[in-house]
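Q: could you work out the structure for the sequence below:
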Amino acid sequence: MKVPMSSPDISAEDIQAVHAVLATPYLSMGPRILDFEQRFARYIGVSHAAGVSSGTSGLHLAVITTGIGNGDLAITTPFSFISSANCLLYERATPLFVDIDPETLNVDASQVAEAARDLARGGRAARHWLPPALQHGADSPGTLKAILAVDVFGQPADYDSLRRTAREYGLVLVEDACEAIGAEYKGRRAGTLGDVAVFAFYPNKQMTTGEGGVVVTDSKEWDTLFRSLRNQGRDESGTWLNHVRLGYNYRLDEMSAALGLSQLARIDELLQKRERVARMYGEHLRRVERVTAPVVAPTTTRQSWFVYVVRLAPDVDRQAIMARLHEQGIACRPYFTPIHLQPFYVERFGYRPGSFPVTEAVSQSTLALPFHGELDEETVALVCKALREACA
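A: Presented below is the predicted three-dimensional model:
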């Protein structure tokens, strides 16, 4: 029996919605994208939503629009998919990593506050937070402009604490909600917790458009910029060959928007199916020693289950466990490799093992199990049985 890591939940209605677009003259920049944006904004509870080609492109546009640029600094997490840091490098800003909370795996809000305070004071305390390769450079390390928080695995970060820090030091708060559609923090929906937020719809996400993403905000000015930047820098009039700023082709096509509309219409069903699978895993994992199920924080009033990542005890050989599971046709993988230890970041910024000990310890113990909304009890039991035997 083969058990894949993930599988998109595609219905007959989804397929029909995409086919219907092919019978129209609009394959890009048509009515579906506008409808999708309006419906998505209503679902999140914001004023504006702009569809884009991916979560990565959405993060890039968020960085540009909020004024983060050359020489600026932004505090973020090293435990994430790499685009949450790369989007800063695209605009020649520098990501300043702080370590994570060992339970929620989100950025440690107390360390964010400490870093912002030290950077405001300057001097040796400020340099402590810089990447190793930049700690002995010019007098000014750059200007701290933003906090970029990531809702890791579908659980919102501690936004009340992060917002207090952002207000105190005049920082923009960017919410990377690419993994967290439908999640709630103290009853407030992901996407409304920062000044701007980004969602992504890759096929392993809770809902999918194939590739694609959305940038959301309550700022009309920022939304206007998103729409220009995603469309080669054209002005609001839409004049095809009139470009008023440097832009990109980050548009979401009509087929993807149609699929997004169909998926959004049943988003609660999609999330509930994943919640059901997560509950089944939680029940079966109680009988698996040396394995810890994901922790949901008290502030998370709704977890949006993106992936199901367990923690192995320190004495467990993860590679051996993975090999045993793979022999039985059960997909699994580590999740995530710390960003600061990715080869490009080691070469450019001089990071070495030991820079962020909590992140590194977590990264060495995490294991993502097969997870999607269509998994049944029998398959979850099979995976957990194989995991228990491998750990034994």
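Q: and residue 52, what is it in contact with?
A: Residue 52 is in contact with 58, 61, 212-215, 226, 230, 250-252, counting by CB atoms under 8 Å, 6 or more residues apart in numbering. In this view, the C-beta of every residue, glycine as well, is placed from N, C-alpha and C.
Q: I meant residue 258, not that one.
A: Taking CB under 8 Å, 6+ apart, we find residue 258 in contact with 17-18, 20-21, 32, 36.
Q: what kind of secondary structure is residue 208 in?
A: Of the three states, residue 208 takes coil according to DSSP: H, G, I helix; E, B strand; the rest coil.
Q: circling back: how about the contacts of residue 52 in a markdown table, adding neighbour count, secondary structure and pLDDT?
A: A markdown table is the format used below for the contacts of residue 52 (neighbours: other CB atoms under 10 Å; DSSP: H, G, I helix; E, B strand; the rest coil; pLDDT from 0 to 100):
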| residue | neighbour count | secondary structure | pLDDT |
| --- | --- | --- | --- |
| 58 | 32 | helix | 98 |
| 61 | 27 | helix | 98 |
| 212 | 28 | coil | 98 |
| 213 | 27 | strand | 98 |
| 214 | 28 | strand | 99 |
| 215 | 31 | strand | 98 |
| 226 | 26 | helix | 98 |
| 230 | 24 | coil | 97 |
| 250 | 22 | coil | 98 |
| 251 | 21 | coil | 98 |
| 252 | 29 | coil | 98 |
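Q: so what's residue 129 up against?
A: Contact criterion CB under 8 Å, 6+ apart gives 75, 96, 98, 115, 118-119 as the residues in contact with residue 129.
Q: scan the chain for its longest helix.
A: Using DSSP state H to define each element, the chain has its longest helix at helix 267-285.
Q: now that one: buried residues?
A: Along helix 267-285, these residues count as buried under the neighbour rule (16 or more other CB atoms under 10 Å): 267, 270-271, 273-278, 280-281, 284-285.
Q: reformat those as CSV; add pLDDT.
A: Below are those laid out as CSV (pLDDT from 0 to 100):
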residue, pLDDT
267, 98
270, 98
271, 98
273, 98
274, 98
275, 98
276, 98
277, 98
278, 98
280, 98
281, 98
284, 98
285, 98
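Q: could you point out which element follows the lengthiest strand in the chain?
A: With residue count as the measure and DSSP state E as the assignment, the chain has strand 143-150 as its longest strand. Downstream of strand 143-150, the next assigned helix or strand under DSSP states H and E is helix 159-169.
Q: tilt between the helix or strand following that next one and helix 159-169?
A: Following helix 159-169 in sequence order, the next helix or strand is strand 172-176 (DSSP H and E). Interaxial angle of strand 172-176 relative to helix 159-169 (axes from the mean of the first three to the mean of the last three CA atoms, to 10 degrees): 150 degrees.
Q: from the centroid of the protein, which residue is nearest?
A: Per CA atoms, centre = their mean, the C-alpha nearest to the average position across the chain is that of residue 178, at 3.6 Å.
Q: for residue 66, which non-adjacent residue is closest in space?
A: residue 172 (4.5 Å; CB to CB, 6 or more residues apart in numbering).
Q: hey, what's the one you found bridged with?
A: In this structure, residue 172 bridges to residue 146 when assessed by DSSP bridges.
Q: so it is in contact with residue 146, correct?
A: Yes - using CB atoms under 8 Å as the test, residue 172 is close enough to residue 146 to be in contact (4.3 Å).
Q: make CSV out of the contacts of residue 52 and add distance to residue 369.
A: Formatted as CSV, these follow (distance: CB to CB, whole Å):
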residue, distance to residue 369
58, 28
61, 33
212, 26
213, 25
214, 28
215, 31
226, 36
230, 36
250, 33
251, 35
252, 31
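Q: and the helix or strand containing residue 310, average pLDDT?
A: For residue 310, the host element (DSSP H and E) is strand 308-312. Along strand 308-312, the predicted local confidence has a mean pLDDT of 98.
Q: one more: stretch 94-114?
A: On average, the pLDDT along stretch 94-114 is 98.
Q: start to end distance for that stretch?
A: Criterion CA to CA, to the nearest Å; first-to-last residue distance in stretch 94-114 is 18 Å.
Q: which positions in that stretch come out as buried?
A: Neighbour counts using 16+ other CB under 10 Å place 94-101, 104-109, 111-114 of stretch 94-114 among the buried residues.
Q: from the buried residues of helix 267-285, which is closest to residue 203?
A: If you rank the buried residues of helix 267-285 by distance to residue 203 using CB to CB, residue 270 comes first, at 12.8 Å.
Q: so that closest one sits right up against residue 263, yeah?
A: Yes - with contact defined as CB under 8 Å, residue 270 counts as touching residue 263 (6.9 Å).
Q: now the common contact residues for those two.
A: Common neighbours of residue 270 and residue 263 (CB under 8 Å, 6+ apart) are 9, 207.
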